[in-house]
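**Q** sharing a sequence plus its predicted fold:
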Amino acid sequence: MLATSSQTVLPVVQQHAEESAVLWHLRSVLVIAPHVRLFQLRRFDDRLAAHLDGLAVAGEFGWKLCEVAVGTLGSGEVFAAAVRAIEDKNGGRLDKLSALAQSAPQAQRGLVSAFGWVSARYLQGTTKDLLSSTDPFKRQVGIAACAMHQVDPGDILGVAIRDKDASLRAQALRAACELGRLDLLAEIRAALSEADEQIRFWSAWAAVLLGDRGDSLNVLTQISRGESAFVPGAMRLLLKATTIDWGHEFLRALAKAVDKNPAMKRRLIRACGMVGETQYVPWLIRLMSDDQLARLAGESLSMTTGLDITYLNLDRKPLENNESGANDDPNDDNVTMDEDDNLPWPDPVKIQAWWDANKSRFTDGVRYFMGAPVTRAHCLQVLKEGYQRQRIAAAEYLCLLQPGTQLFPTGAPAWRQQRWLAKMG
């Protein structure tokens, strides 16, 4: 056990270290959650920041507790330690954490996340060293740091896209899109034929958001029909970037797949919300009588119509013994979550009555997103007021509407997001 001259300081600083790690894990769930708005994320981020500040005030003693915690190889523990190392500008400690992250991939998310969390002033010099390193992993972290702070690293991005290291290439492809690098579109498109699905996904994802509507859409279509971890992201972007008629054809093909594989029905329900055509609303309402599909159907309906089921009291009591996943209790270490956690339970009778009263506001053949046609002003409004999953969709729409627009980072610290949104108008 670590020695300290004050028996009262140890438990306090230990609490800061432990809760910094736990809150980071919870935050990683909240930034993609269906029930969290930006102002709620801000309150949570303030809590996390307070514990990290406590570690900073504890100085070397705070670092030693972080160093001990890192031995668990948890991504949250690595995050807290990396924040301290970055803000202290301690290159030796950062090198140790980088080596640890390379040997324990589960820790990498925590390390990279720390570079996005800290203020830009702490990265001066540090990011430059990462970008000029001969270590591909360090260059990968440096590029990720630049993208998270919306800072263009320059020519190194094009060089990294051509690198032989797959993880570095994937990060560079992603960053090129996030930073709106239209000048790299040709090099991005050249990676579409790669055998590595990670490379093909990020090249197609980046190319589409940068304005390409050719082979990149074909790659996203192929991935969307598969079973990999890239399916949700590929399908979400594909159905935004294509026409409504194309979306109808995609849904018809998906419906046929459901006949052979009922498990595909969840993918079909989510896809309906992405297409954004109100002709699917009656079918989604009928699904709300199925306890296994009700919440997902409600979310898809909301993504199209903008209906806030909870706010308008159109929900029903949840099933008895329904177990929820992650929550914002720092004493609860359950951070697992399925895609329906924290979604409301829609009442099909109430929803039908709402639809009967409001369907005249919608026009057939028009793509709707959160209750309105897709425009820049509307997407900005969703970024300011929507839930996290809706905000992620709004950020992608802004890039599709004007290729070359930087992808808004909906996972950034909330105070930084609020500052950027104020500048966007």
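**A** Thanks, I have the structure now. Numbers count the residues shown, from 1 in each chain.

**Q** show me where the stretch 251-400 of the chain has helices.
**A** With helices called from DSSP state H, counting those that start in this stretch, the stretch 251-400 of the chain shows them at 265-275, 281-287, 294-305, 348-358, 376-385, 388-401.

**Q** who's in contact with the third one?
**A** Read it as helix 294-305. Contact with helix 294-305 is made by 34, 266, 269-270, 272-274, 276-278, 280-281, 284-285, 287-288, 290, 307-309, 339-340, 343-346, 348, 351, 355, 358, 362, 368-371, 389-390, 393, as judged by Cβ atoms under 8 Å, 6 or more residues apart in numbering. (C-beta placed from N, C-alpha, C; glycine too.)

**Q** what's the PyMOL line that selects buried ones from those residues?
**A** A single PyMOL command selects the buried members of the contacts of helix 294-305 (16 or more other Cβ atoms under 10 Å):
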select buried, resi 34+266+269+270+272+273+274+276+277+278+280+281+284+285+287+288+307+309+339+340+343+344+345+346+348+351+355+362+368+369+370+371+389+390+393
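
**Q** which one of the helices of the stretch 251-400 of the chain lies closest to residue 419?
**A** Closest to residue 419 of the helices of the stretch 251-400 of the chain is helix 376-385 (Cβ to Cβ; 12.4 Å).

**Q** am I right that residue 405 is in a helix?
**A** No: using DSSP: H, G, I helix; E, B strand; the rest coil, the assignment for residue 405 is coil, not a helix.

**Q** just want the angle from the lengthiest helix in the chain to helix 388-401.
**A** Secondary structure of the chain per DSSP state H: the longest helix is helix 9-30. For helix 9-30 against helix 388-401, the angle by axes from the mean of the first three to the mean of the last three Cα atoms, to 10 degrees is 60 degrees.

**Q** now helix 9-30: mean pLDDT?
**A** Taken as a whole, helix 9-30 carries a mean pLDDT of 93.

**Q** can you name the next helix or strand after that helix?
**A** Per DSSP states H and E, the first helix or strand lying C-terminal to helix 9-30 is helix 38-57.

**Q** next, the buried residues of that following helix.
**A** 38, 40-41, 44-45, 47-49, 51-52, 54-55.

**Q** who does that helix touch, helix- and strand-wise?
**A** Applying 3 or more Cβ pairs under 8 Å, 6 or more residues apart in numbering; DSSP states H and E, one finds that helix 38-57 makes contact with helix 9-30, helix 59-70, helix 75-87, helix 376-385, helix 414-424.

**Q** let me know which of these is tucked in deepest.
**A** Ranked by mean neighbour count under mean count of other Cβ atoms under 10 Å, the helices and strands packed on helix 38-57 are led by helix 75-87, which reaches a mean of 26.

**Q** and that helix, what other elements does it pack with?
**A** helix 9-30, helix 38-57, helix 59-70, helix 91-103, helix 108-117.

**Q** touching that helix from outside, list them.
**A** Here helix 75-87 makes contact (Cβ under 8 Å, 6+ apart) with 17, 20-25, 28, 52, 55-56, 62-63, 66-67, 69-70, 93-94, 97, 100-101, 106-111, 113-115, 117-118, 122-123, 126.
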